[in-house]
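> Structure for this input, please:
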Amino acid sequence: MELLKEFLNTRDTDYALMLNGEWGNGKTYFVKNGLKQLIESTSLPGQSDLKYKVIYVSLHGVRSINEISTRLALSFYQLQHSRGFKAIGGILNAASGLFNVNLEKIDLSSLMEFSNAFIVFDDLERVSSSVLVADVLGYINSEFVEHNYVKCLIVCDESRIGKNKGQYDTSDYGIIKEKIIYQTFKLESLDNSIKGKVIASIIESDEIFSSDLNDLIIEIIGLAKEDNLRTIKFSLHLLSVALRAFKIHFQNEFDSYKRCIVNNTISLSIEYKRGELPEDFVNYGGLDNETVIFFQRLPPIESVNEETSVTEGANQHSFVHKYYKKYELDDRKDYVFLKYVYYLIINGVVSEQLLEDDHSKMRNRLGNELLSNAEKHYNNLINFRTTSDNDFDTAYRNVLGAVVKGEYEIQRYPSLRQLYLYFEEIGVSKSDEVDVDQSFHIGLQIKLAESIDYDRQILFDLSAASQSASHEAVKSIYESVINAFQYKRDILLKELSNQTLIEIKANKIDEVKMKITSESFPLYLNHWNAEEFANSFVDTSNLFKHEFIEHLSRVYSFQPRILLDEQPQAFEFLKSLRIEFEKIVQSAPGNSISSYHMRRFLRLLDKFK
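The predicted model follows:
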């Protein structure tokens, strides 16, 4: 600031100043909302009745030197005639169209008076690749600085000069810069007060935000150590969309869950802009895997050795672990992962189905007034670090009581067993370890005796989480639960594979195409008999044969070596199927359309010789 004050109070300066800083760190905001006030409150040297006026010009995308003059003229007239600016702009544009005049070829800046002007040239590094930065500096120097003593400030990110398609001559830039720039001062990072003002101004301008969210938003941005203004504005824009979408559908519950939406949107959008957020719509980067997150929540304790610590090893440095730690999500009672926010950040649109699902999740996990006693105790238990002693004691005993009665979903049993093991390790257990183990054993047997609804995502989550389990008591529960889901999956797959075979025999090509496109289709092969399938296929119509082969060849490219490693039973089926088709082709008339299709199918199976 002292340098700027000295600059303003010096007569006939034949040099300019430069403000340098990284993209998005608030340079433009700093100029327009900080420096501008200082500049325009200062009188010209020896002229106390005449104060400076700031003329702001962005050089972003300029394709010629004359275009700079045009932009400068428009900024000048906007400043001098703010009410008539639109009319002047319209007249200029109309005249250029009527008389076929290119405004860029007219030096409009020669028509202006700059005696008390302070010109800010922003975005120097963003000029078009058709213009040399050195030439832009040369124009500013010759037209304003060196001969006319006009005060100029050049704003840029110097680290990016010379990197636009390799067309900038950086050596020439260095020479001309040394001639025109007296001193460069650098804006290292976004000042907290500026950051707060930006956030406050956005919140105040959008009715979807309420003032009680201001502190939470600033807190999350602070935990992220985010100083990039563009990233902050991007996050707040998406937050506005996410909040508005929820309020439209669930207005009566908006105030109850808006903090959860803020926790998700601000943190995930910042990680996305940094390139850290995985684009994974199967498991949402691990954030939707409740079992894995359970392990991430358990803090490392020095007394826990390497064999039993659940946060040691690969998981310790996973995205989920770092994300939870950075944003202190373990301690936030108003947080559950929201898929619709994740989807919005990556795709730019709101999925109403995911929003519906997330609404149910928030009601179940955050809306305590709607929860059963078992769920309330469960929530108190997993948030044990912030639960009162009395509530923890109650939750510990009640959850264990619900476990032994088989009242929780079977997929929760492994993570709950791990949690009770952890309580034993940190010395807060309320029961003997043998009693705890027996309670889980009894409850698990009750759950295994019940009918389980197969869920591919739950099985995927359990399999991923089981890799982190090291204690035998936990491993055995994982093994039992995973086996139960796999058994149910195999029954379901056998039913579907039999149904598909029936549909093939009935020439139901649309239904069969849907099965082929299904992710489970390769697993059907484990349940088919090669001879039965081949005979069923022979009896289908030629239309069915053609569409089946076309669709199968578009969707799959079977890799025998991979299939042999991952699904040996499916590999053996295809190998046997090739033999069956070879027999059929050899015995069938060679000039029929049906034989032609059988030969096509056989070529698909040639890999399995």
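> Model confidence score at the nearest residue to residue 130 once chain neighbours are set aside, please.
Excluding its sequence neighbours, the residue lying closest to residue 130 (Cβ to Cβ, 6 or more residues apart in numbering) is residue 63, at 5.3 Å. Heads up, the C-betas are built off the backbone N, CA and C, glycines and all. According to the prediction, residue 63 has pLDDT 89.
> who's in contact with residue 63?
128, 130, 131 (Cβ atoms under 8 Å, 6 or more residues apart in numbering).
> Quick check: of those, which lies closest to residue 421?
Closest approach between those and residue 421, by Cβ to Cβ: residue 128, at 63.2 Å.
> Just confirm that closest one is within a helix.
No. Counting by DSSP: H, G, I helix; E, B strand; the rest coil, residue 128 is not found in a helix; it is coil.
> Please tell me how far it sits from residue 61.
6 Å (Cβ to Cβ, to the nearest Å).
> Torsion angles phi and psi at residue 512?
With angles defined as degrees, to the nearest 10, residue 512 sits at phi -70, psi -40.
> Give me the more crowded residue out of residue 128 and residue 61.
Higher neighbour count among residue 128 and residue 61: residue 128, with 15 against 11, using other Cβ atoms under 10 Å.
> Tell me if I'm right that that one and residue 59 touch.
No. Under the criterion of Cβ atoms under 8 Å, residue 128 makes no contact with residue 59, lying 9.3 Å away.
> doesn't residue 414 make contact with residue 403?
No. Here residue 403 lies out of contact with residue 414, judged by Cβ under 8 Å, at a distance of 11.6 Å.
> OK, contacts around the residue lying closest to residue 123 once chain neighbours are set aside?
Closest residue in space to residue 123, ignoring its immediate chain neighbours: residue 60 at 4.2 Å, by Cβ to Cβ, 6+ apart. Residues near residue 60 by Cβ under 8 Å, 6+ apart: 122, 123, 126, 127.
> So residue 231: helix, strand or coil?
helix.
> And for the residue nearest to it when sequence neighbours are not counted, the neighbour number?
Leaving aside its chain neighbours, residue 231 sits nearest to residue 273 (4.5 Å; criterion: Cβ to Cβ, 6+ apart). When neighbours are counted by other Cβ under 10 Å, residue 273 registers 18.
> contacting residues for residue 273?
Contacts of residue 273 by Cβ under 8 Å, 6+ apart are 228, 231, 234, 235.
> And residue 405, by the same measure?
Applying Cβ under 8 Å, 6+ apart, the residues near residue 405 are 443, 446.
> just to revisit the earlier point, if you rank the contacts of residue 273 by neighbours, which is first?
Of the contacts of residue 273, with other Cβ under 10 Å as the count, residue 235 tops at 28 neighbours.
> so which strand or helix has that one?
In this structure, residue 235 sits in helix 229-249 according to DSSP states H and E.
> which residues touch the host helix or strand of residue 603?
Following DSSP H and E, one finds residue 603 within helix 593-604. Contacting residues not belonging to helix 593-604 are listed as 537-538, 542, 545-546, 549, 552-553, 558, 578, 581-582, 584-585, 588-589 [Cβ under 8 Å, 6+ apart].
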